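K.L.:
Could you look at this predicted model? Sequence included:
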Amino acid sequence: MKAGNLSCLAVGLMAFTTTAIAAEPISPRFNGDPSPHYFKGRFYLYATDDASNSGKYWDSTSWRLYTSKDLKNWKDDGAFLDVTVFKWAKPDAKAWAPEAAARNGKYYFYAPIGGDKIGVAVADKPEGPYRDARTDALIDKARDANAGAEPIDPAVLIDDDGQAYLFFGTRVPKVVKLNKDMISTTGPIMDVVVTGYPADDAKKKYGEAPFLHKRNGLYYFSFSTGWPGQIIYGTSTSPVGPFEYRGVILDYRTINTNHQAIIEHKGKSWLFYHDKLLPGGGGYRRSITLAPMSYRPDGTIKEVKP
């Protein structure tokens, strides 16, 4: 083994023993809003394509896909989908933070479009090609009661009993049950309640980027506190809450947004997020990275400190 490889191995081993690690972008291309998944023996990372926006706003109209076998080496699979797939959407509508899920031998892509709708596309393979699974939006601010100010930032959890949940929204988090077809909802859109915020910290409040994962029977609801935001979380024994505030996962970054996702693979947990990591980067030109995440014996999450 070469000396350089030994150095890389040492860094890798350190990553598993501490929550502090140097942040490295997964790609030389600007990207944001990570949605990572492990499908069919490979990691798939769906993202907002910051490289194709104006540099003055999050106004790209397509989503980007990156794949990896080892979470270290990532392949840019290109702009696999854009808003024109949804014929009901304006062709120049904004394509924001995406989500994906697998069920029924199909792959579902949840696409926030224009800041007021969430569409859903379906494919036979994780990389597509994707087609509109409906003839209208899955969530529509103008149509659906309690859809909130901005139905964006979708996140999906399929629970152990088979019930799927869709979380979304800014300023007030929302959740609705998905039917088994994954392209329709059942029941009302509900507010997600988080209790127990520190009384001496007015900045601890929900802003955006809801995400739910489950570990040892406990539900962890994480989100960004705003613009800029910390990634904080609460826990509950119910997938729809209420959630009790438990702490910080990731502190403020050097840009005006913070957006996270968490996956577990082979007994290890990984936090994906975006930051200013490339030359010329900033609030509208972000870069996705990841870091190992760990838990204390009581189930609370140790803060990740890049």
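P.N.:
Received the coordinates, thanks. Since the structure is predicted, the reported quantities are computational estimates derived from the model, not experimental observations.

K.L.:
Could you list the low-pLDDT ranges of this structure?
P.N.:
1-21 (pLDDT under 70).

K.L.:
give me the number of residues near Met277?
P.N.:
Just to correct that, residue 277 is Leu rather than Met. By other Cβ atoms under 10 Å, the residues close to Leu277 number 20. The C-beta positions use only the backbone N, C-alpha and C, and glycine is treated the same way.

K.L.:
List the contacts of it.
P.N.:
Leu277 makes contact with 23-25, 287, 289, according to Cβ atoms under 8 Å, 6 or more residues apart in numbering.

K.L.:
hmm, try it at 6 Å
P.N.:
25, 287 (Cβ atoms under 6 Å, 6 or more residues apart in numbering).

K.L.:
Give the helix, strand or coil label for it.
P.N.:
Put simply, Leu277 is coil when judged by DSSP: H, G, I helix; E, B strand; the rest coil.

K.L.:
So what touches whichever strand or helix holds Gly119?
P.N.:
For Gly119, the host element (DSSP states H and E) is strand 117-123. For strand 117-123, contacts defined as Cβ under 6 Å, 6+ apart pick out 85-86, 106-113, 130, 132-133, 137-140, 151, 154, 183.

K.L.:
Going through those, which ones are buried?
P.N.:
The neighbour count (16 or more other Cβ atoms under 10 Å) marks 85-86, 107-113, 130, 132-133, 137-139, 151, 154, 183 as buried among the contacts of strand 117-123.

K.L.:
Now go through the residues you listed and say which are in strands.
P.N.:
Residues of the buried ones among the contacts of strand 117-123 located in strands (DSSP state E): 107-113, 132, 139.

K.L.:
ok, the nearest residue to Lys106 once chain neighbours are set aside - how many residues close by?
P.N.:
What sits nearest to Lys106 in space, not counting adjacent residues and going by Cβ to Cβ, 6 or more residues apart in numbering, is Val122, at 5.4 Å. For Val122, the count of nearby residues is 18 (other Cβ under 10 Å).
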